[in-house]
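K.L.:
Give me the fold of what follows.
(one chain, ligands or ions: 1)
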Amino acid sequence: MSRFLPEAWMLPIVDDLNREFFTSGKLLLQQCVDCQTVQHPPEEVCHQCQGMEFVHVESAGRGAVYSFAVMHYPVHAELQSAVPYAVVLVQLDDHPSVRIVGNCLDVPPDEVEIDMPVQVTWETLADAETGEQLRMPQWQAIRR
Ligand SMILES: [Zn+2]
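P.N.:
Numbering: from 1, shown residues only. Reported below is the predicted structural model:
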């Protein structure tokens, strides 16, 4: 896919907690070994039981827009050509307790709606400092 984020846009700092999420190209979520709670974003401690041991579970990457905001004002000069754009909060179908933020790439911002079905898509970006390839989850509408 063509790049959605501006070329000079800052990328997340990848660490041991979030590396799988940002590099695997799979929508991997943390699941607590002790209580099975699935949570995102990745943290050191389980929000439910304070457990500290996790495995990854893969989401199918389908969900619905739980909330969204349309950005009209470029909060950074790099975003001048991108506005207006929609930032969506997606509730996953297979893990409804998890909501993931991203951009909605293929729907005009004024047509984004609550409960609109969406599917994850991946934007690959190279970290300029480390050369590491990051796979950023973004969202596109599921056409019916
Ligand atoms: Zn737990």
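
K.L.:
from here on, contacts and neighbour counts on C-alpha atoms
P.N.:
Will do.

K.L.:
Beta-bridge partners for residue 67, please?
P.N.:
residue 89 (DSSP bridges).

K.L.:
So it sits against residue 88, correct?
P.N.:
Yes: counting by Cα atoms under 8 Å, residue 67 does reach residue 88; the two are 6.0 Å apart.

K.L.:
More neighbours: these two, which one.
P.N.:
Per other Cα atoms under 10 Å, whichever of residue 67 and residue 88 has more neighbours is residue 88, with 25 against 17.

K.L.:
Contacts only, for the residue lying closest to the more buried one once chain neighbours are set aside.
P.N.:
Nearest non-adjacent residue to residue 88, counting by Cα to Cα, 6 or more residues apart in numbering: residue 68, 4.3 Å away. With contact set as Cα atoms under 8 Å, 6 or more residues apart in numbering, residue 68 has these partners: 86-89, 112-114.

K.L.:
one more time with 7 Å, if that's ok
P.N.:
86-89 (Cα atoms under 7 Å, 6 or more residues apart in numbering).

K.L.:
got it, and residue 118?
P.N.:
62-64, 139-142.

K.L.:
Rounded mean pLDDT for stretch 13-31, please.
P.N.:
Taken as a whole, stretch 13-31 has a mean pLDDT of 93.

K.L.:
Residue 50: neighbouring residues, count only.
P.N.:
12.

K.L.:
Can you report phi and psi for it?
P.N.:
Dihedral angles of residue 50 (phi, psi; degrees, to the nearest 10) stand at phi 70, psi 20.

K.L.:
mind checking which helix or strand the nearest residue to residue 44 once chain neighbours are set aside is in?
P.N.:
Distances taken as Cα to Cα, 6+ apart put residue 52 closest to residue 44, at 6.1 Å, once the chain neighbours are dropped. Per DSSP states H and E: residue 52 is located in neither a helix nor a strand.
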